[in-house]
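S.K.: Next come a sequence and a model predicted from it.
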Amino acid sequence: MSQLAKFYNKIFDYSLKKGTHIKFNELLKFSKLYKNNIIPVMTNHIYDEIPIRLAHRVVDLNRLPFGLSKNHSINRIREWYLLSFEELTQIKKKPQTENEINEFKHIIHNIYNRHSTTLSIISKGLHELQVENKISNDMHAPVIQSFLNRFHTNRTEIRILLEHYLSFFEESKRENHHGIINTQTNVGENIGYAIDNIQQICDVNKINLYLKDIININIPEPIILPSIEHYLYYIFFEILKNSVEAVKDKKTPQINVDIRNIDEDMVLIKIQDNGGGISESNIDKIWYYSYTTHPIHNNDIIEQIDFSNVSPLSGFGYGLPISEIYINFLNSSKHNIKIYSNYNKTNVYIFLKNIKK
């Protein structure tokens, strides 16, 4: 048997193994429980878990329908997964000594960086096939939606696990942090950061809006809770960006943000805009990957790392479905974003769980 055949047999064997899904509340408990020896414990877990996850992603990419698996952009992603799988499975035994763990950390760091532009590259591949009329939103959306939801959900878990692991090697420990989890995340400040960065996008794209004049924020009391700040930021950034796009041509644009505790376990963030609303025929389509009311040219889709602010105001169509994946992870549950719209306004309800410290 050739070396290549042996390699793909190994991938197939690993893909038959069941991965261990992680939840945010479990990640927080785990980090506290093993805080005195978190690095060796997580090293063992990642050594066992990540090759399984990578093998599953390779198999998923090989099974993509409608010519997606042959697309150049998708092939690049597959090659990255193959390389990352090979690097990890070449390590013959679990790292135990300090030197072995540091070498392992270096490999994990390279893998983490290698896959940082996956989201934008898959978006580009999907857009290329739409331009070539090989897929359409209406006909092929359910099948593509199912695949991408599974792929991006699993990718998100991998990214969080690897970033969480790497953060424990940082020399300067951040206050109130367990790895990448900030136990004192200020929800109002997080929304403020999102608004500031959307303002920068407006300025760069010469959109004549001063957001502090049109966005009204109502927070009766500060809301502090454990979260992964940059994932929470992405959710607010994408949804507020949609609202700004909706109102930017209105004579009297207005966006209202209300944040309050529903009870001791749940926070509600309501974002309302007076844009043109979403038609009844499109309300379900807004969750489709690549669906957008303001499409952009393929040449304008740039490769960008996760959480990059280098983007136009709209056009990718990934913001909402990826936001749902992120909030579902933070809440360890599903269906945490509700959207209601009519001809002159849209209400977005974001339910955020407050996991007790």
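M.R.: Looks like it came in fine.
S.K.: from here on, contacts and neighbour counts on C-alpha atoms
M.R.: Will do.
S.K.: quick one: the strands in the stretch 251-357 of the chain?
M.R.: Secondary structure of the stretch 251-357 of the chain (DSSP state E, counting those that start in this stretch): strands at 255-263, 266-273, 337-341, 346-353.
S.K.: actually the stretch 51-200 of the chain, not the one I typed
M.R.: If DSSP E, counting those that start in this stretch is used as the criterion, the strands of the stretch 51-200 of the chain fall at 177-178, 181-186.
S.K.: Let me have those in CSV, adding mean pLDDT, distance to Trp80 and mean neighbour count as columns.
M.R.: Putting these into CSV (pLDDT from 0 to 100; distance: least, CA to CA, whole Å; neighbours: other CA atoms under 10 Å) gives the following:
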stretch, mean pLDDT, distance to Trp80, mean neighbour count
strand 177-178, 90, 29, 20
strand 181-186, 95, 27, 18
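S.K.: Alpha carbons of the worst-scoring helix or strand of the chain on mean pLDDT, in CSV - could you do that?
M.R.: Taking mean pLDDT, DSSP states H and E as the measure, the helix or strand of the chain with the lowest value is helix 118-131, at a mean of 80. Taking only C-alpha atoms (Å, rounded to 0.1, in the frame of the first residue of the first chain), the coordinates of helix 118-131 have been written out as CSV:
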residue,chain,number,x,y,z
THR,A,118,-11.2,29.8,6.6
LEU,A,119,-14.4,31.7,7.1
SER,A,120,-13.7,34.2,4.3
ILE,A,121,-12.2,31.6,2.0
ILE,A,122,-15.3,29.4,2.2
SER,A,123,-17.5,32.4,1.7
LYS,A,124,-15.5,33.2,-1.4
GLY,A,125,-15.8,29.6,-2.8
LEU,A,126,-19.5,29.7,-2.3
HIS,A,127,-19.8,33.1,-4.0
GLU,A,128,-17.7,31.8,-7.0
LEU,A,129,-20.1,28.9,-7.5
GLN,A,130,-23.1,31.3,-7.4
VAL,A,131,-21.5,33.6,-9.9
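S.K.: Which strands and helices lie in contact with that helix?
M.R.: Contact analysis of helix 118-131 by 3 or more CA pairs under 8 Å, 6 or more residues apart in numbering; DSSP states H and E lists helix 72-89 as its packing neighbours.
S.K.: who touches the helix it packs on?
M.R.: Around helix 72-89, the neighbours that count as contacts under CA atoms under 8 Å, 6 or more residues apart in numbering are 47, 51, 54-55, 57-58, 61, 68-69, 107, 111, 114-115, 118, 121-122, 124-125.
S.K.: Now do it against helix 118-131: the angle between them, please.
M.R.: On the basis of axes from the mean of the first three to the mean of the last three CA atoms, to 10 degrees, helix 72-89 is oriented at 150 degrees to helix 118-131.
S.K.: quick one: low-confidence parts of this structure?
M.R.: For the chain, residues meeting the criterion pLDDT under 70 lie at 1, 66-67, 133-140, 171-172, 290-305, 307-316, 356-357.
S.K.: What are the structural domain limits within it?
M.R.: Here the chain is described, according to automatic domain parsing, as comprising the domains 3-177, 185-353.
S.K.: okay, now the closest residue to Gly276 other than its chain neighbours: neighbour count?
M.R.: Among residues not flanking Gly276 along the chain, Asn344 sits closest, at 4.8 Å (CA to CA, 6 or more residues apart in numbering). Burial measure for Asn344: 11 neighbouring residues, criterion other CA atoms under 10 Å.
S.K.: and of the strands of the stretch 51-200 of the chain, who's closest to Lys18?
M.R.: The closest approach between Lys18 and any of these, judged by CA to CA, belongs to strand 181-186 at 26.2 Å.
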